[in-house]
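1. test case, fold it:
(2 chains)
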Amino acid sequence: MKIGQIKELLDAELLCGEEYLDHDVFSACCSDMMSDVLAYVKDQGVLLTGLVNPQVIRTADMMDMVCIVFVRSKVPTEEMVALAKEFGIVVMKSRYRAYEACGHLYTAGLVPAPEEK
Amino acid sequence: MAENVTFHFDVDGENFTSAGEASVLVKKKLRQLGLSPEVIRRVSIAMYEGEINMVIHADGGTADVTVTDDEVIIVLADRGPGIPDISLAMQEGYSTARDNIRALGFGAGMGLPNMKKYTDSMEIETELGVGTTITMKVSCKDA
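-> Here you go, the predicted structure:
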């Protein structure tokens, strides 16, 4: 799925990374616990979260993720967006709640990758 | 690589917002050195978890990373309270982090188990009231 399609499916507002909307992603995960993202996630391109702090951006960078969607209309700080730009990560925000946002993406074919062994 | 490459960082324990900056820098440096993406990923995650732990539990410390031809060695040293029971701390889900840390997305009790999972070896030296030093090694040869 193209990152641009995620933006459309989630009726999301793009905050940075317009140049990457054509990139493909193959899986996604959703969590407010960055500990769990670091523990269980592998080969996930997209992170959906309602947590707002710079560790969200750094966690995504550590996991080589390319797109972060802030759900429930959560707004990341300018500092976080600047950090994401530096890392080449697309950031968007959606009015959907996490459960709904995941449902839209899953139904459209974006599935979770197997857990890290 | 003709000579070993070393990096040293002071990890600020006062500022959760900046936690992880050293790991981000190490990741960049390892990319520049041309290490494989899988090795970089394992080193980055293990060091990031360790760095976050130092900020949460020990008011910061130091991080030293050495890159040799064969492996990446990460040494995280703090002057925190020490770990009373290492086997308990290694259990997935066990955490002494406060609720305010959980609200920031950490403290799920996955830090130390995760560091062990992503590295080829991990040694913990700890003394109550003195501090903790964790040495992790990641082989540069992909498994």
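
2. now A:R95. Nearest residue, chain neighbours left out?
-> Using C-beta to C-beta, 6 or more residues apart in numbering or on different chains and skipping the chain neighbours, the partner closest in space to A:R95 is A:S73 (4.9 Å). Any C-beta I mention is one placed from the backbone N, CA and C, and that applies to glycine too.

3. how about the one you found, secondary structure?
-> Recorded secondary structure, A:S73: coil (DSSP: H, G, I helix; E, B strand; the rest coil).

4. so in the chain, where's the weakest helix or strand by average pLDDT?
-> Chain wasn't specified; assuming chain A. Across the helices and strands of chain A, mean pLDDT, DSSP states H and E gives its lowest value to helix A:34-40, namely a mean of 88.

5. wait, I meant chain B there
-> Least confident helix or strand, chain B: helix B:99-102 with a mean of 88, by mean pLDDT, DSSP H and E.

6. next one: the next helix or strand after that helix to chain centre, how far?
-> Counting by DSSP states H and E, the next helix or strand C-terminal to helix B:99-102 is helix B:111-118. Computed by C-alpha atoms, centre = their mean, to the nearest Å, the separation of helix B:111-118 from the middle of its chain amounts to 9 Å.

7. where does pLDDT dip in the chain?
-> This is for chain A. Low-confidence segments of chain A (pLDDT under 70): A:114-117.

8. sorry, should have said chain B
-> Low-confidence segments of chain B (pLDDT under 70): B:1-2, B:142-143.

9. now with 50, please.
-> Of all residues in chain B, none has pLDDT under 50.

10. the closest residue to B:G107 other than its chain neighbours: what secondary structure?
-> Of all residues not flanking B:G107 in the chain, B:A97 sits nearest, at 2.8 Å (C-beta to C-beta, 6+ apart). Following three-state DSSP, B:A97 is assigned to coil.

11. so how far is chain A from B:V11?
-> Remark: distance between B:V11 and chain A (C-beta to the nearest C-beta, to the nearest Å) = 13 Å.

12. which residue is the nearest non-sequential neighbour of that residue?
-> Counting by C-beta to C-beta, 6+ apart, B:G60 is the residue found nearest to B:V11 once chain neighbours are left out, at 4.6 Å.

13. that neighbour: how many residues sit nearby?
-> Other residues near B:G60 come to 18 when the count uses other C-beta atoms under 10 Å in any protein chain shown.

14. swap in B:Q32?
-> B:Q32 - counted by other C-beta under 10 Å - has 9 other residues nearby.

15. likewise the one 4 residues further on?
-> Other residues within reach of B:S36 by the criterion other C-beta under 10 Å amount to 12.

16. before we move on, what about B:D10?
-> Using other C-beta under 10 Å, B:D10 has 10 neighbouring residues.
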